[in-house]
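# A predicted structure for the sequence below; I have some questions about it.
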Amino acid sequence: MKRSVIALVVMLMAGTSFVWATPPTEMEISYDPAPPSAGQARGVLHVEAKHISDHLDKHYLRRLVIYRNGVKEQEIAYTRQKYPSKFIEDIPLIVKPGETISVEVFCSQGGSKRAELTIDSISPAPADDLSAF
């Protein structure tokens with residue numbers, strides 16, 4: 001009897017840690033290309049996720065995973081969140097037109113969110129277009 005009461009208390013306490021967690025609710029990703037070089041572009045993957053936290057050192061987005069065409073390519077670990085209402089990160093990345101990039105973020109107290117982006121075409125910025133000269 002005593003063991004079952006202890007087990008019940010432990011299970012209830014373990015379950016309450018996820019009740020107060022707020023997983024990421026929205027996420028947007030975008031890609032800012034640089035001028036193309038040999039059919040590829042060096043650019044920046046911009047990730048912005050809505051994630052509210054009152055304790056940035058305890059409740060934060062702890063991991064970001066980047067997938068290219070469905071295959072895990074990069075994983076980044078974090079130890080805190082910079083802003084109390086959102087997570088923002090810019091990641092250097094080389095992509096080709098037609099590739100699908102998806103990003104998944106994980107909360108330190110449970111929950112995750114995933115967003116996907118297909119790279120249509122990569123064109124040079126207007127200042128880099130010298131064909132008019």
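Cool, got the structure.

# give me the number of residues near the closest residue to residue 51 other than its chain neighbours?
Among residues not flanking residue 51 along the chain, residue 24 sits closest, at 4.4 Å (CB to CB, 6 or more residues apart in numbering). Heads up, the C-betas are built off the backbone N, CA and C, glycines and all. Neighbours of residue 24 under the rule other CB atoms under 10 Å: 21.

# what does residue 28 give?
Neighbour tally, residue 28, other CB under 10 Å: 12.

# ok, and the closest non-adjacent residue to it?
Counting by CB to CB, 6+ apart, the residue nearest residue 28 is residue 48, at 5.2 Å.

# State whether that neighbour is indeed within a strand.
Yes - counting by DSSP: H, G, I helix; E, B strand; the rest coil, residue 48 is part of a strand.

# ok, it to residue 71 distance?
24 Å (CB to CB, to the nearest Å).

# So which of the two has more stuff around it?
More crowded of residue 48 and residue 71, by other CB under 10 Å: residue 48, with 16 against 6.

# Please look at that one and residue 27 and confirm they touch.
Yes - the pair residue 48 / residue 27 is scored as a contact, 7.0 Å apart, by CB atoms under 8 Å.

# Could you pull up the residues touching residue 43?
31, 32, 33, 34, 92, 93, 94, 95, 122 (CB atoms under 8 Å, 6 or more residues apart in numbering).

# Tell me which of these fall in helices.
Nothing among the contacts of residue 43 maps onto helices, per DSSP state H.

# what two of the residues you listed have the greatest distance between them?
92 and 122 (14.7 Å; CB to CB).

# Give me the more crowded residue out of those two.
residue 122 (17 against 9).

# Just the ones of the contacts of residue 43 in strands?
Mapping the contacts of residue 43 onto strands (DSSP state E) picks out 31, 32, 92, 93, 94, 95.

# For the third one, list the residues it contacts.
Applying CB under 8 Å, 6+ apart, one finds that residue 92 lies in contact with 42, 43, 44, 45.

# Who's the closest spatial neighbour of the first one, skipping the chain neighbours?
The shortest distance from residue 42 to any non-neighbouring residue, by CB to CB, 6+ apart, is to residue 34 (4.8 Å).
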